[in-house]
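S.K.: sequence-free structure coming up:
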């Protein structure tokens with residue numbers, strides 16, 4: 001499956017004829033939220049509200065590179081920094097960085113190859 005596969009479902013005239021409502025953009029955002037955080041994450045959140053909830057996680061094109069790998073990388077980098085400084089793992093910083101990754105992923109419109 002592709003993240004953009006639902007975008008062609010925006011055929012309701014009341015939505016597509018009104019330029020103030022971007023149905024395709026909403027459907028993409030909604031799909032990205034369902035696959036990652038199961039709810040919206042704002043730009044200012046210090047952590048993912050009630051999450052992250054990987055309930056609907058999939059290995060779809062783009063998720064591994066632009067979401068899961070980045071989450072793993074920030075966790076590893078923070079663990080190495082804290083270990084080097086002789087400090088316990090800063091889970092607050094990891095939560096903030098993961099919220100930022102979630103926000104960025106759910107609000108972008110990156111296109112991914114289908115093959």
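M.R.: Great, that's in hand. Predicted model only: the values in this text are computed from it and were never measured.
S.K.: pLDDT wise, what is residue 24 at?
M.R.: Model confidence at residue 24, given as pLDDT, is 80.
S.K.: ditto for residue 90
M.R.: At residue 90, pLDDT is 97.
S.K.: what do you get for residue 115?
M.R.: pLDDT, read off for residue 115, is 67.
S.K.: for residue 30, same thing?
M.R.: According to the model, residue 30 scores 84 on pLDDT.
S.K.: For whatever helix or strand it lives in, buried residues please.
M.R.: For residue 30, the enclosing helix or strand under DSSP states H and E is helix 23-36. For helix 23-36, a neighbour-count test (16 or more other C-beta atoms under 10 Å) marks 23, 24, 27, 28, 29, 31, 32, 33, 34, 35, 36 as buried. All C-beta atoms are positioned from the backbone trio N, CA, C, and that covers glycine.
S.K.: This structure: strands as residue ranges?
M.R.: Applying DSSP state E to the chain gives no strands.
S.K.: ok, back up a step: reformat the buried residues of helix 23-36 into CSV and put distance to residue 110 next to each item.
M.R.: Conversion of these to CSV gives the following (distance: C-beta to C-beta, whole Å):
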residue, distance to residue 110
23, 19
24, 14
27, 15
28, 10
29, 12
31, 13
32, 10
33, 15
34, 17
35, 13
36, 13
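S.K.: Any buried residues in stretch 100-115, and which?
M.R.: Those would be 100, 101, 102, 103, 105, 106, 107, for stretch 100-115 by 16+ other C-beta under 10 Å.
S.K.: Wait, the fifth one touches residue 68, no?
M.R.: So that's residue 105. No - Residue 105 lies out of contact with residue 68 (C-beta atoms under 8 Å); the separation is 9.7 Å.
S.K.: Look at the residue of the chain most remote from its centre and report its pLDDT.
M.R.: Distance from the C-alpha centroid of the chain peaks at residue 86, with 31.4 Å (C-alpha atoms, centre = their mean). pLDDT recorded at residue 86 is 97.
S.K.: just to revisit the earlier point, the following helix or strand past the helix holding residue 30 - what's its average pLDDT?
M.R.: Moving toward the C-terminus from helix 23-36, the next helix or strand (DSSP H and E) is helix 63. Mean per-residue pLDDT for helix 63: 87.
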